[in-house]
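1. quick one: sequence and predicted model below, then my questions.
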Amino acid sequence: MKNLVKNKERSAFLSTGLCLLFMVIGWSVERLGGSFYQIPYIFAILFGGWKQTSEGIVEIFEDKTLNVDLLMALASIGACAIGDWVEGAMLTFIFCLSGALEEYTTSKSKKEITSLMNLQPTVAKKIHSDGSIEEVEVSSLELQDKILVAKGENISVDGEILHGVTNVDESLLSGEAIPVEKSSGDSVYTGTMNLGNAITIVVTKKSEDTMFAKIVKLVDEAQNNPTKTASFIEKIENTYVKIVLCAVPLMILLTHFLFSWSWHDSFYRGMVLLVVASPCALVASATPATLATLSNLAKRGVLFKGGQALENLEGLRAISFDKTGTLTEGKPKVTNEWFLEEKRNIAPILLAMEEMSTHPIATAIVEYLSSETHTFTKLEVIEKAGFGLETEVDGAIYKIGKHAFDEKKTKIHPSLLENITRLKNEGKTVIFCSKNDELIAFLALLDTEKEESVLAVQYFNYHEIQTMMMTGDNEGVANHIAQKIGIQEVYANLLPEDKTILIQKQKERFAVNAMVGDGINDAPALATASIGVAMGEGSDIAMDVADVVLMKNDLGNLVVSHKLSKKMKKIIKQNICFSLTIICLLILSNFFQIITLPLGVLGHEGSTILVILNGLRMLRA
């Protein structure tokens, strides 16, 4: 793809250079009194105008539509027909130069997709059944094939580690600079880098189905899916060109018979009208700005599936968030502790027991108590599903979990009971630890809110965009998180179909709404909303149905997207107003015989270039 883009650029600039060269030769021969000066001018027009003219002719026969390229070709031919060869060649040169610059700016806008393509590995070291290693094309790998990834190499497939322990740089996908420790059984992804020991991977997805391939596809689709404004402008282009083609002969006839202009002057002004009335700047008002914005956001890890979703974001009036993994970290953390006996005696036992479980709550407690040391290496822990853990230490029975404490049967100090009730009302999960059925400690855990979630919600509230939470969690937890973050409306205990119904009602109420989620249960709501936003670490189906994917799981990037969408819409409006104003001024100047054909071309193409450059400001916004 990169070579294709470069070849288009080179071809456009080569045509412009040859056009200029033959135009200068023709002008020099004419000044010296040569009799065949028309020949270099013809070559200049052919080299400079063949691409646009051929594209215009193809559109006439294949798509049955007319475009601005046809107007330029006719104006150039018309100028030569009345003997203004230098003006015809100059018209072609400026138009060709404008096209070359447009090709260059478009390729700049598409830089992110080409750079992504360059990062995608193309070869892998396949391990055969006899233990031999062969370097093969990634596209030839099948599911369950084994590959070797040495230290410092990019991982070429989505797969699972069979052998080895290493650190993997996943910043390309997640945006996190800190390498992730991976071992046997862990998933690895295309485009990430193996920083540690050599590992053996079994292929779990074909090259076209990998997460990296999906990202490339998303960016490519977005850049080829125009906004509503761009689509509307393209639709009216055909009608506009027809009007201009009808207006030109009318102007020639009316100015000759009504104003007594000579046929030469009338025809000349008709050719100028062909040029200045051409809507090149208007056509370029939206697309470069949209491509530049999409490219800017792709660089930040925000992938839009089309320009339409980006444009819709500017008119956002309501936004709903899933709770777990979207507004919160998605994993519980210990927030409070109470030890009724010496912590140094209890904590090691608590740690040793929780280390025997893989439950998310156990993982959180182990992380919290990781600074504690213990020597209980052979504890026989019984895990009672839905209740907790139980073990025996020095003849005493220790329990952790719901079954470790019964409020009705066990008497404790009222202040402790009050604390437990308060923690539960705050939406926290309380885990008890008992020794011989006597309460000796309890910990409170909560799925904590993300810092960027608070800032994002504050931003949307400030801009009068209604914020809502939709979660399957209980009402107490939902209200507590919503209050801390600043969510305006809360809906709890929801099933996937409940979320979908609410999103549909919200859409009817606010017209443009968004849903942000990460799980399979969010997929129907994401598909129903005006704009579906999926978190990058979410499920595949959520990413597939969403209009926007936040690869770095950062809601702050959604705020940036909203800001850029508003700025993009502003620039497009500026471009449309500017281009229409220039067209009107040039048409009036032509009617009053103020401008010449070269000046008309300069004003027309200059306005087009200015519109494109104004749109490209979105690359740095």
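-> Thanks, I have the structure now.

2. show the contacting residues for I501.
-> I501 makes no contacts at all, as judged by CB atoms under 8 Å, 6 or more residues apart in numbering. Backbone N, C-alpha and C define where each C-beta goes, glycine included.

3. for L455, give me the pLDDT.
-> With respect to pLDDT, L455 scores 94.

4. to which secondary structure element type does it belong?
-> Under DSSP: H, G, I helix; E, B strand; the rest coil, L455 falls in the helix class.

5. can you report how many residues lie near the residue nearest to it when sequence neighbours are not counted?
-> Take L455 and drop its neighbours on the chain: the residue closest to it by CB to CB, 6 or more residues apart in numbering is G556, 6.4 Å away. By other CB atoms under 10 Å, the residues close to G556 number 17.

6. is it true that G556 touches V457?
-> No: with contacts counted by CB atoms under 8 Å, G556 stays clear of V457, the gap being 11.1 Å.

7. wait, what's in contact with A247?
-> L273, A277.

8. lowest average confidence, helix or strand, in this protein?
-> Ranked by mean pLDDT, DSSP states H and E, the helix or strand of the chain with the weakest confidence is helix 111-119, at a mean of 54.

9. which ones are touching the residue nearest to L455?
-> E452, L455, A456.

10. which strand or helix spans I25?
-> In the assignment (DSSP states H and E), I25 maps to helix 2-31.

11. could I get the buried residue list for whichever helix or strand comes after that helix?
-> Downstream of helix 2-31, the first helix or strand assigned by DSSP H and E is helix 38-58. Residues of helix 38-58 classed as buried by neighbour count (16 or more other CB atoms under 10 Å): 38, 40-41, 43-45, 47-49, 51-53, 56.

12. wait, which of those residues is closest to H562?
-> Q52 (37.4 Å; CB to CB).

13. could you report the pLDDT at that closest one?
-> Q52 is given a pLDDT of 75.

14. that one contacts L97, doesn't it?
-> No: in this structure, Q52 is not within contact of L97 by CB under 8 Å, at 11.7 Å.

15. chain center to the helix holding I25: distance?
-> On the basis of CA atoms, centre = their mean, to the nearest Å, helix 2-31 sits 36 Å off its chain's mean C-alpha point.

16. pLDDT on that helix, on average?
-> 79.

17. so what secondary structure elements neighbour that helix?
-> Identification of packing neighbours for helix 2-31 by 3 or more CB pairs under 8 Å, 6 or more residues apart in numbering; DSSP states H and E yields helix 38-58, helix 85-109, helix 111-119.

18. rewinding a little: give the buried residues for the helix or strand just after the least confident helix or strand of the chain.
-> In the C-terminal direction, the helix or strand that comes right after helix 111-119 (DSSP H and E) is strand 123-127. Judged by neighbour count (16+ other CB under 10 Å), strand 123-127 contains these buried residues: A124, K125, K126, I127.

19. and which of those is nearest L303?
-> Nearest to L303 among the buried residues of strand 123-127, with distances taken as CB to CB, is A124, at 25.1 Å.

20. ok, now which ones touch the closest one?
-> E135, V136, E137, V138, L141, I147, S156, V157.

21. next one: phi and psi at the closest residue in space to it that isn't next to it in sequence?
-> Distances taken as CB to CB, 6+ apart place S156 nearest to A124, at 4.1 Å, with adjacent residues excluded. Recorded main-chain torsions at S156 are phi -100, psi -10, according to degrees, to the nearest 10.

22. output the below-cut-off pLDDT ranges for the stretch 501-621 of the chain.
-> 519-520, 538-542, 621 (pLDDT under 70).

23. center of this structure, which residue is that?
-> The chain has L303 as the residue nearest its centroid, 1.4 Å off, counting by CA atoms, centre = their mean.

24. in which helix or strand would I find that one?
-> Using DSSP H and E, L303 falls in strand 302-304.

25. before we move on, the earlier item: now which of the contacts of A124 would you call buried?
-> Neighbour-count burial (16+ other CB under 10 Å) applied to the contacts of A124 gives V138, L141, I147, S156, V157.

26. isn't the first one up against G159?
-> No: V138 sits out of contact with G159 when judged by CB under 8 Å, with a separation of 11.4 Å.

27. measure how far the longest helix along the chain is from the centre of its chain, please.
-> Identified as the longest helix of the chain according to DSSP state H is helix 556-591. What separates the centre of helix 556-591 from the centre of its chain is 22 Å, taken as CA atoms, centre = their mean.

28. can you check stretch 460-474 too?
-> With CA atoms, centre = their mean as the basis, the mean position of stretch 460-474 lies at 22 Å from the chain mean.

29. before we move on, the earlier item: could you list the buried residues of the helix holding I25?
-> Neighbour-count burial for helix 2-31 [16+ other CB under 10 Å]: 5, 8-9, 12-13, 15-20, 22-23, 25-27, 29-30.

30. then stretch 588-604?
-> Neighbour counts over stretch 588-604 (16+ other CB under 10 Å) mark S589, N590, I595, L597, P598, L599, G600, V601, L602, G603, H604 as buried.

31. cool, and stretch 149-164?
-> Using 16+ other CB under 10 Å as the test for burial, stretch 149-164 gives V149, E153, N154, I155, S156, V157, D158, G159, I161, G164.

32. of all these, which comes closest to G615?
-> N154 (34.1 Å).

33. look up how far G191 lies from the closest one.
-> Distance, N154 to G191, by CB to CB, to the nearest Å: 6 Å.

34. tell me the contacts of E30?
-> Each residue near E30 by CB under 8 Å, 6+ apart is listed here: Y37, W85, V86.

35. could you do A309 as well?
-> Neighbour list for A309: I531, D547, V548 [criterion: CB under 8 Å, 6+ apart].

36. element containing it?
-> Per DSSP H and E: helix 307-313 holds A309.

37. roughly how far out does that helix sit from the chain middle?
-> Put simply, helix 307-313 sits 11 Å off its chain's centre (CA atoms, centre = their mean).

38. repeat that for stretch 250-262.
-> Centroid separation for stretch 250-262 versus its chain: 54 Å, with CA atoms, centre = their mean.

39. pull out the buried positions in it.
-> By neighbour count on 16+ other CB under 10 Å, the buried set for stretch 250-262 is M251, I252, T255, H256, W261.

40. stretch 301-316 now?
-> Buried residues in stretch 301-316, counted by 16+ other CB under 10 Å: 301-314, 316.

41. done for today, thanks.
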